[in-house]
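> need coordinates for the following:
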Amino acid sequence: MKNKIFTAILLAGVWVSSSALAIDNNGPIDRALAAGIIGEQADGYLGFVRPPTAAQADLQRRVNEINIRRRGVFQDTARANGETEDRVALLSGLRQITKMPDGEYFQDTTKTWCAKGPESQVMQNADDEVIIRCGPAQKVK
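Just a heads-up that it's a prediction; the model follows:
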């Protein structure tokens, strides 16, 4: 129970700073998410589903900028709550993946990419363990 309250506090802190986590309102990042070029990672950062091409240099720059802002939020939230940056980032990844629409891509905790769907397991269990897993038929080839 104590961990659930702590998790809620951490997520509230990350939510308050959501401008750093927010995507770009139908700009290049949002379009790349919808197209399955990039996705949310379990570690709280954005990543490329497949290695970026030279033609995607601008997109890669934008992803890097967002990830730098996210890292700052994770560090500030961790420091303010006496938690590790990795734990805050993981909880943020859980939140981002939970709210993303089916069909967009995410990377699970085993570093496997898949499209979010009914077989995806994205939750925090009663033992406070964060579970972010692709279903068996969802993995990217």
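
> tell me the contacts of A89?
Each residue near A89 by Cβ atoms under 8 Å, 6 or more residues apart in numbering is listed here: D43, G44, Y45, R70, R71, F74. From N, CA and C alone the C-beta is placed, and that goes for glycine too.

> run the last query once more with 7 Å
A89 makes contact with D43, G44, F74 under the criterion Cβ atoms under 7 Å, 6 or more residues apart in numbering.

> now tabulate those in a markdown table and tack on secondary structure and neighbour count.
Shown next, in a markdown table, are the contacts of A89 (DSSP: H, G, I helix; E, B strand; the rest coil; neighbours: other Cβ atoms under 10 Å):
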| residue | secondary structure | neighbour count |
| --- | --- | --- |
| D43 | coil | 18 |
| G44 | coil | 26 |
| F74 | helix | 29 |
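
> reformat those residues as CSV; add pLDDT.
Formatted as CSV, the contacts of A89 follow (pLDDT from 0 to 100):
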residue, pLDDT
D43, 97
G44, 97
F74, 96
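
> and which of these is nearest to G27?
Of all these, G44 has the smallest distance to G27: 20.5 Å, by Cβ to Cβ.

> could you list the low-pLDDT ranges of the protein?
1-26, 138, 141 (pLDDT under 70).

> how about the strands in it?
38-41, 46-48, 105-107, 113-115, 121-124, 130-133 (DSSP state E).

> other residues contacting the second one?
What that stands for is strand 46-48. I37, I38, G39, E40, Q41, V63, I66, N67, Q107.

> please redo it, this time with the cut-off set to 6 Å
I38, Q41, V63, I66, N67, Q107 (Cβ atoms under 6 Å, 6 or more residues apart in numbering).

> can you check stretch 128-137 too?
So stretch 128-137 is in contact with 3, 42, 90, 94, 108-109, 112, 114, 119-124, going by Cβ under 6 Å, 6+ apart.
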